[in-house]
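K.L.:
here are the coordinates; sequence isn't available:
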């Protein structure tokens, strides 16, 4: 059960950061185009929201990093409560190799995505996500997977759940 958490964390956070980048790009495009802002509404409140939108979205850059690390910590804590048998450790190693390969592919996809000239100008506002998903994502997945496997398969299984 806990090894599948790693896959869910990978896919959800990768999709989230791509979505955040697109939303940031749309907000920056709208905020730089004053005619588009004026067609929204004549009130000053909408103008302020359209101009402050990109600043608000960059907060999510650090949020993605926090969510990634907290998800890893929660998965490790939940691995201690999962009932498992040491026989399944071999399957866990195979899953770890698969997850590291998938995370390396996602990291390469993210790198290719950020090489687009339009997106490259936006990525300067997301330094933490660029560092995590561009460089350390496969390493993070490997470390979390190994720790989950150690915690899950080193706890005694007799008598139900153990702490």
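P.N.:
Perfect, I can see it now. Because the structure is a prediction, the values reported are computed rather than measured.
K.L.:
show me where pLDDT drops low in this protein?
P.N.:
For the chain, the stretches flagged by pLDDT under 70 are 1-2, 31-54, 155-163.
K.L.:
So residue 10 versus residue 85, what's the distance?
P.N.:
Counting by CB to CB, to the nearest Å, the gap between residue 10 and residue 85 amounts to 25 Å. In short, each C-beta sits where N, CA and C put it, glycine included.
K.L.:
Compare neighbour counts for the two and give me the winner.
P.N.:
Legend: neighbour count by other CB atoms under 10 Å for residue 10 and residue 85, higher for residue 10 (21 against 8).
K.L.:
Tell me which helix or strand the more buried one sits in.
P.N.:
helix 2-32 (DSSP states H and E).
K.L.:
mind listing what's buried in that helix?
P.N.:
2-3, 5-7, 9-10, 13-14, 16-18, 20-21, 24-25, 27-28, 30-31 (16 or more other CB atoms under 10 Å).
K.L.:
ditto for stretch 132-142
P.N.:
132, 133, 137, 138, 140, 141, 142.
K.L.:
Need the residues that contact that stretch.
P.N.:
6, 10, 14, 17, 64-65, 68, 72, 96, 99-100, 103-104, 106-107, 110-111, 114 (CB atoms under 8 Å, 6 or more residues apart in numbering).
K.L.:
So which of those residues sit within strands?
P.N.:
Judged by DSSP state E, the contacts of stretch 132-142 include no members of strands.
K.L.:
what two of the buried residues of stretch 132-142 are the furthest from one another?
P.N.:
Within the buried residues of stretch 132-142, 133 and 142 form the most distant pair, 14.7 Å apart (CB to CB).
K.L.:
returning to what we had before: kindly write the ChimeraX command that selects the buried subset of the contacts of stretch 132-142.
P.N.:
Of the contacts of stretch 132-142, the buried ones can be selected in ChimeraX as follows, counting by 16+ other CB under 10 Å:
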select :6,10,14,17,64,65,68,72,96,99,100,103,106,107,110,114
